[in-house]
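J.: Here's my sequence, what's the structure:
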Amino acid sequence: MGLGTVLPIWGIVVQNRLAQYVSTLETITIVRIILVAILITAYSVAALFYFKPRLKFDTHLQVYTDIKTSIHYCVSCKDGHNRLAKLIKQKYGWKCGVKECGVFQEDPNNPKPSQAFYVPD
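T.: The predicted structure is shown next:
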């Protein structure tokens, strides 16, 4: 049996069982149950939208940045595979956390010193 067949049958069985139970309840109890179900659903949807990252492309850093948390995300993973991969902070930039990607994005605010002009302290 497919899911399209099982779900309606299951719904009818649940409806019959609930009809027997609900008919014994007071009206105010039924209203409270419906209100609680609506509140739980609204809270779940709100939490889903609140915790979803809101990304903005940072043209200076050349990475996607979550505007709420300032977490940086890999451009290669988002554009190529449509997935969010956090960038791990390194000394001179960020490295993609996805093993298969491994992209290193240099930090323009903290460039790696060139070997020719590097003088150790």
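J.: Would you mark the buried spots in the longest helix anywhere in the chain?
T.: Looking across the chain with DSSP state H, the single longest helix is helix 27-51. By 16 or more other CB atoms under 10 Å, helix 27-51 has no buried positions at all. All C-beta atoms are positioned from the backbone trio N, CA, C, and that covers glycine.
J.: now the strands for the protein?
T.: 55-58, 63-66, 72-73, 87-89, 93-96, 104-106 (DSSP state E).
J.: Could you look over those strands and pick the most buried one?
T.: Ranked by mean neighbour count, these are led by strand 72-73 with a mean of 22 (mean count of other CB atoms under 10 Å).
J.: What mean pLDDT does that one get?
T.: In this model, strand 72-73 has a mean pLDDT of 88.
J.: which residues touch that strand?
T.: Strand 72-73 is contacted by residues 53, 55, 58, 61, 63-66, 84-87, 94, 105 when judged by CB atoms under 8 Å, 6 or more residues apart in numbering.
J.: and that strand, how far from the chain's centre?
T.: Mean-position distance between strand 72-73 and its chain equals 13 Å (CA atoms, centre = their mean, to the nearest Å).
J.: what do you get for stretch 39-54?
T.: The chain centre lies 11 Å from the centre of stretch 39-54; the measure is CA atoms, centre = their mean.
J.: Check the gap between C74 and G97 for me.
T.: As for C74, its distance to G97 is 8 Å (criterion: CB to CB, to the nearest Å).
J.: picking that back up, let's have the strands of the chain in a markdown table, adding distance to V22.
T.: Below are the strands of the chain laid out as a markdown table (distance: least, CB to CB, whole Å):
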| stretch | distance to V22 |
| --- | --- |
| strand 55-58 | 45 |
| strand 63-66 | 45 |
| strand 72-73 | 48 |
| strand 87-89 | 52 |
| strand 93-96 | 53 |
| strand 104-106 | 58 |
